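Visitor: pasting the structure only:
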């Protein structure tokens, strides 16, 4: 079969299952999600071994990731009965002329239909075949057509085979979850433009995501595109936070920068410091903490090449604190430094380095820190260390952080994204193409539902 | 000042007011909205006279519209204290390792910032300077830059002057509401691409809206674009509904088709009937009811020309039941008929006729009705007469209607959109560029808010 035929077949199966799935009870959907979680856990050992072979992410990280993936499948199952996305709003009829008088109206949420889901390279479980996008779309009542990532094709197929078994064992149609594997970029574009696809979920690179987003907008009938395209995650460490314990903080930050070889969408890529002695000491401690860290191999040779290019780019526009060295398997950590004024003027310094690197930005004062955040414009997270006191300056800083971020942290590091109802993973462009939605946490289900107002509807439909 | 300077000045004022307004209490915002409603009502007589002069919509309609506009300003004021858009979601910290262990997270909603609002021609009050977009954006905490519509420039200025007085009398900054008047299309595009504009609200033509939507997507940092671009609002009248009282229904439908000279976004443009004797009788009754109706002049000569073109287009592809005749001031109503198979195949028949015209589509059976709805693909409303019984066929019909519509009516006509919490005004493309949002009703506020998760935040910020 040609690639387009493969896509056509998968989408046709999804479409055939869409009405059935849209009408299923919360109970039926929850049972599927729990069955998928159970199957992942029952087969975790061979799956983790396969994932490690394909991604080099290590057994410990992958064990955590599979637990998280099962946890979120079950979390969506639990949320189905009472989730806010399913809340109906009922307005009784009011007699008389408008604007006070009105008919009876009930606002309900309906699933969009077949969703095209593009797997990420860096989360072979949690943002792949049975990851958060799939879990939330299935919970919403939408079949999912998965575009596997070329970085872990065998794992994708293995997880898909497991999922298909669960779907069949529960007497559900195959079309609920289909896989487009080994497909080219062209096939991805064809999938996004397929007339029976009603929404797209994407996690990946700025370049790839932007290209697909444009294709979705060029459809004769554009559909919602939920894309996470990149984020540089500034971390502002104010002197107040660096007075005590700064060596410990430097270690924590170094671990966050190099975690998973820096291949996290929430990896802290920009460290903003005030031009003060405490900051100088902290920079030294950060270099010390980073230098000895051995990273594992990157996900793909292409990503390694991309990191070398991106960090080389930064090196050409900033000062190198910690130079690229020969690592064992992965690239050695690297750290650069520049002045805030330069950072604000030079867009090259605001591009993502996807890998174990970070750029220190030295600001004159808090006002300039706010300008740095404003120049970044869109990021999944901003971390503020030392901004806990209720002062005018801190209020302005927090406002500046909120204006550009999906999540603002007042302690800790941005890597590690809790799966819960209050989570928000998605900020202004380019961190998300749909900044009012989240791709992690239980509000993710809202991406795949659309409100419909039913006017004077019979009881059997509302 | 050049047009671009006018836009720059307005946006700069809005930006200067944005932080202040974002931090105001619900009380302060509600007081402004109520003050604006009071001012509209206090000056309604001269405003209605001016509106009638510029739009020809008639005193009675305009009296209703100004009441609706004041009603919705007050409705958003009432909703501010307890609206669901302001609900915080709080997840307590959980000790232990992830995925169960997590930090404390609070999900809040923050205003986007300055909103560019493009007024509509056909609702000089309700979708103009102080219309639903402005009311919901101000309620959300966003300043509004209004692009006045060239169809009612003097009214726009008069309403704006009133609003400015209210803003000043409450000691609020001018930047909360600014007006870009007498501006060309180029200025509109410049406004949409202004780096300090954080969202766009648009109600108008498919052509104009699509052009602005594209410009918004071509920004270096695209922003949410909430556009309502056109809708043909199918009304399905099944034989069950036409057995009794069909003459009365024909009159109701004729009034809806010609209301406001057909210049409503919810005007029923496609009447879907089964090929049965009851339908033939109903078509006759509809022609009888439509023929004598005298319409008023259309909003602008350009819109009259557009209607003549669009209905001429339909006439060339369908059979004419009621031909264009010389009306008094406005165009005489017109009605066309075609077969469902033709309608499904020919996209020309699915284009909006903005004016007092409709197309009857005769379907073989209910399955073909579903195909007609599917071909329409995106519409603000679908009306289903005679689908109240709980049968498999009706369930399939309702599903088909929900799949393409923002609102599904089981009785009455789609013109007249209640302002309430359960309303949904916006369906799949092209009826909305953001089909998961509404531009009428209290959920409209959500368009201008963005969720932010605050992790381990101090009490003063959550």
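Guide: Received it, and whenever you're ready, just let me know what you need. Since the model is a prediction, treat every value here as computed from it, not as a measurement.

Visitor: only C-alpha atoms from now on, for both contacts and neighbour counts.
Guide: Fine.

Visitor: now the stretch 1-150 of chain A against chain B: closest residue?
Guide: residue A:107 (4.7 Å; C-alpha to the nearest C-alpha).

Visitor: I'd assumed that residue was in a helix, is it?
Guide: No. Counting by DSSP: H, G, I helix; E, B strand; the rest coil, residue A:107 falls outside a helix, being strand.

Visitor: what's the spacing between residue A:462 and chain B?
Guide: Residue A:462 sits 11 Å away from chain B, going by C-alpha to the nearest C-alpha, to the nearest Å.

Visitor: what about that residue, which SS state?
Guide: With three-state DSSP as the basis, residue A:462 sits in coil.

Visitor: end to end, how far does stretch A:216-225 reach?
Guide: Stretch A:216-225 has an end-to-end distance of 7 Å (C-alpha to C-alpha, to the nearest Å).

Visitor: does any part of it sit near chain B?
Guide: Yes. Using C-alpha under 8 Å from any C-alpha of the partner chain, stretch A:216-225 reaches chain B at A:221-224.

Visitor: same question, stretch A:109-116
Guide: Yes. Legend: contact between stretch A:109-116 and chain B by C-alpha under 8 Å from any C-alpha is shown at A:110, A:112.

Visitor: returning to that earlier point: pull the most distant pair out of the residues of stretch A:216-225 next to chain B.
Guide: In terms of C-alpha to C-alpha, those reach their longest pairwise distance at A:221 and A:224, which sit 10.1 Å apart.

Visitor: ok, the two, which is more surrounded?
Guide: Between residue A:221 and residue A:224, counting by other C-alpha atoms under 10 Å in any protein chain shown, residue A:224 is the more crowded of the two (25 against 16).

Visitor: partners of the residue of the stretch 1-150 of chain A closest to chain B in the sheet?
Guide: Residues in a beta bridge with residue A:107, per DSSP bridges, are residue A:89, residue A:453.

Visitor: format the residues of stretch A:216-225 next to chain B as a markdown table; extra columns: distance to residue A:67, pLDDT and secondary structure.
Guide: Listed next are the residues of stretch A:216-225 next to chain B as a markdown table, based on distance: C-alpha to C-alpha, whole Å; pLDDT from 0 to 100; DSSP: H, G, I helix; E, B strand; the rest coil:
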| residue | distance to residue A:67 | pLDDT | secondary structure |
| --- | --- | --- | --- |
| A:221 | 38 | 95 | coil |
| A:222 | 36 | 97 | coil |
| A:223 | 32 | 97 | coil |
| A:224 | 30 | 98 | coil |
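
Visitor: JSON lines please, covering those and showing distance to residue A:442.
Guide: Converted to JSON lines, these look like this (distance: C-alpha to C-alpha, whole Å):
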{"residue": "A:221", "distance to residue A:442": "28"}
{"residue": "A:222", "distance to residue A:442": "25"}
{"residue": "A:223", "distance to residue A:442": "22"}
{"residue": "A:224", "distance to residue A:442": "19"}
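
Visitor: what's the closest of those to residue A:410?
Guide: Nearest to residue A:410, judged by C-alpha to C-alpha, of these is residue A:224 at 32.3 Å.

Visitor: chain neighbours aside, what residue packs nearest to that closest one?
Guide: residue A:199 (5.0 Å; C-alpha to C-alpha, 6 or more residues apart in numbering or on different chains).

Visitor: burial of that neighbour, as a residue count?
Guide: Neighbours of residue A:199 (other C-alpha under 10 Å): 23.

Visitor: is it in a bridge, and if so with what?
Guide: residue A:115.

Visitor: ok, it to chain B distance?
Guide: Counting by C-alpha to the nearest C-alpha - residue A:199 and chain B are separated by 11 Å.
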